[in-house]
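Peer 1: task: produce atomic coordinates for the following.
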Amino acid sequence: MTQVGKTTAITVRREIEATAEEIFNAWLDPASLATWMRPSGIERSTAKVDPREGGSFEIVMHHAGGSILHTGVYRVIERPSRLVFTWISPATKHAESLVTVEFHARAGITEVVVTHELLPGDDAKPSHTDGWTQALELLATTTCRKH
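Peer 2: Numbering: from 1, shown residues only. This is a model prediction of the structure:
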């Protein structure tokens with residue numbers, strides 16, 4: 001976990017056996033996004049995506065007790081190396097936070113680095129670290145090449 005300037009931030013990394021393009025696409029395709037953007041306790045997710053700079057997204061995570069709405073706007077889309085988008089959810093106290101996703105391709109493996117900044121405080125770090133870690137684990141299982 002890192003402190004970026006005076007804001008609270010976390011960074012999560014995961015290597016995935018897939019091309020940067022394949023993984024990048026999984027972040028912008030609503031059907032794919034709904035498949036892996038569901039950390040522990042989430043039964044299913046639904047997603048709406050307008051994949052362009054200035055376009056918005058909506059992810060609804062459904063669990064036994066109800067649903068959790070996550071929204072944001074894409075600020076930067078640099079295919080297939082970087083995405084930057086805002087992230088608003090109950091866990092950010094409905095305040096705008098900022099997510100940067102970097103895709104580093106290396107010989108058939110892509111390292112995905114998620115940095116989530118402007119979190120509402122240190123108490124938000126564990127849940128966001130766990131959530132992004134679990135999401136990247138699911139992303140790896142859904143995009144990993146089958147041998």
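Peer 1: so D123 belongs to a strand, correct?
Peer 2: No: the assignment for D123, made by DSSP: H, G, I helix; E, B strand; the rest coil, is helix rather than a strand.
Peer 1: low-scoring stretches of the protein, by residue?
Peer 2: 1-6, 144-147 (pLDDT under 70).
Peer 1: let's see 50
Peer 2: Where the chain drops to pLDDT under 50, the residues are 1-5, 146-147.
Peer 1: which parts of it are helices?
Peer 2: Per DSSP state H, the chain carries helices over the ranges 20-28, 30-36, 125-143.
Peer 1: can I get these in JSON lines with mean neighbour count?
Peer 2: The way it works is simple: take the backbone N, C-alpha and C, and place the C-beta from them, glycine included. Listed next are the helices of the chain as JSON lines, based on neighbours: other C-beta atoms under 10 Å:
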{"stretch": "helix 20-28", "mean neighbour count": "20"}
{"stretch": "helix 30-36", "mean neighbour count": "18"}
{"stretch": "helix 125-143", "mean neighbour count": "18"}
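Peer 1: select, out of those helices, the one closest to E111.
Peer 2: Evaluated over the helices of the chain, closeness to E111 peaks at helix 20-28, with 9.2 Å, by C-beta to C-beta.
Peer 1: now the helices of the chain in a markdown table, with distance to E102?
Peer 2: Shown next, in a markdown table, are these (distance: least, C-beta to C-beta, whole Å):
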| stretch | distance to E102 |
| --- | --- |
| helix 20-28 | 10 |
| helix 30-36 | 18 |
| helix 125-143 | 12 |
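Peer 1: what angle sits between the lengthiest strand in the chain and helix 125-143?
Peer 2: Longest strand in the chain, counting residues (DSSP state E): strand 66-78. Angle between the axes of strand 66-78 and helix 125-143 is 70 degrees (criterion: axes from the mean of the first three to the mean of the last three C-alpha atoms, to 10 degrees).
Peer 1: wait, which of the helices of the chain is closest to I88?
Peer 2: helix 125-143 (12.9 Å).
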